[in-house]
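Q: From the sequence below, what's the structure:
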Amino acid sequence: MQRSNKVRPLAPRLLLTLLAVFATASSRAQQAPSSAPTQESGTIQPGPSPSRVLVDEAFVIGADDVLGISVWKEAEISRTVTVRPDGKISLPLLGELQAQGKTPKQLQEEIHNKLTAFISEPDVTLIVQEIRSQRFNVLGQVQHPGSFVLTSSTTVLDALALAGGFRDFAKQKAIYVLRLNPEGSQVRLPFNYREVAKGDKLKQNIKLQNHDTVVVP
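A: Numbers count the residues shown, from 1 in each chain. From the prediction side, this is the model:
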């Protein structure tokens, strides 16, 4: 009797479990010590070059984002700062600066211009080390509902995996994404997990945007 070599597709529950394991491992890897500079009393200590999050020119700094500010040969000014809830950061010589609502390039130029009153030709570099202001939510019948940090590649499947997968009575065919439009209205984007898990209608697996909410009834 010949054994069939046909590969059976993964069951939906197994697929989501594997995704959850992958998401957990990825999250731990992101939290592991990196090449970012060590920080003590706000001053960058000697060490490897800071890590950098690649952002496009239109990226706008928000509360909780982590910024690495380096001024060449000025260790007392260079430091890693977190944007406060009021949208501001504090730097030696300059005091408080509004960071929220500006692009990294705009803030870098502002720091440079203000430092010219104290330093001749300051060489300022500003990098985004962590994006924490961009978030999405997962609500409903998942293992770990809550708010999560959004990356540029996070999809609905990624969100479900990060939330630990479904609870027993989750309606996997009736999931939807609530998205807030710029004018204030909300749009509801359907997501049928069973179809996507089979490889059908993959366009449903959209990339999430800031403040999206994935709802699992």
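
Q: number of nearby residues for the nearest residue to residue 100 once chain neighbours are set aside?
A: Nearest residue to residue 100, sequence neighbours excluded (CB to CB, 6 or more residues apart in numbering): residue 87, at 2.9 Å. C-beta here means a position set from N, CA and C on the backbone, and glycine is covered the same way. By other CB atoms under 10 Å, 16 other residues sit near residue 87.

Q: show me where this protein has strands.
A: For the chain, applying DSSP state E gives strands covering 39-40, 43-44, 66-71, 79-82, 88-91, 95-98, 124-130, 135-140, 146-149, 175-180, 186-191, 213-216.

Q: I'd like those strands as a markdown table, with mean pLDDT and mean neighbour count appended.
A: Shown next, in a markdown table, are the strands of the chain (pLDDT from 0 to 100; neighbours: other CB atoms under 10 Å):
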| stretch | mean pLDDT | mean neighbour count |
| --- | --- | --- |
| strand 39-40 | 38 | 11 |
| strand 43-44 | 34 | 18 |
| strand 66-71 | 96 | 21 |
| strand 79-82 | 96 | 19 |
| strand 88-91 | 96 | 17 |
| strand 95-98 | 96 | 13 |
| strand 124-130 | 94 | 19 |
| strand 135-140 | 96 | 19 |
| strand 146-149 | 92 | 15 |
| strand 175-180 | 96 | 19 |
| strand 186-191 | 96 | 13 |
| strand 213-216 | 98 | 21 |
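
Q: Touching, the residue nearest to residue 100 and residue 98? I think so.
A: Yes. Here residue 87 reaches residue 98: they are 6.0 Å apart, a contact under CB atoms under 8 Å.

Q: From residue 132, how far out is the residue nearest to residue 85 when sequence neighbours are not counted?
A: Distances taken as CB to CB, 6+ apart put residue 63 closest to residue 85, at 5.2 Å, once the chain neighbours are dropped. In this view, residue 63 and residue 132 are 8 Å apart by CB to CB, to the nearest Å.

Q: try residue 164
A: Residue 164 is 21 Å from residue 132, where distance means CB to CB.

Q: Residue 86 too?
A: 15 Å.

Q: Which one's more surrounded, those two?
A: Higher neighbour count among residue 86 and residue 132: residue 132, with 15 against 11, using other CB under 10 Å.

Q: Surely that one is in contact with residue 150?
A: No. Using CB under 8 Å, residue 132 is not in contact with residue 150; the gap is 9.6 Å.

Q: beta partners of the residue nearest to residue 112 when sequence neighbours are not counted?
A: Leaving aside its chain neighbours, residue 112 sits nearest to residue 124 (4.4 Å; criterion: CB to CB, 6+ apart). Listed beta-bridge partners, residue 124: residue 71 (assigned using DSSP bridges).
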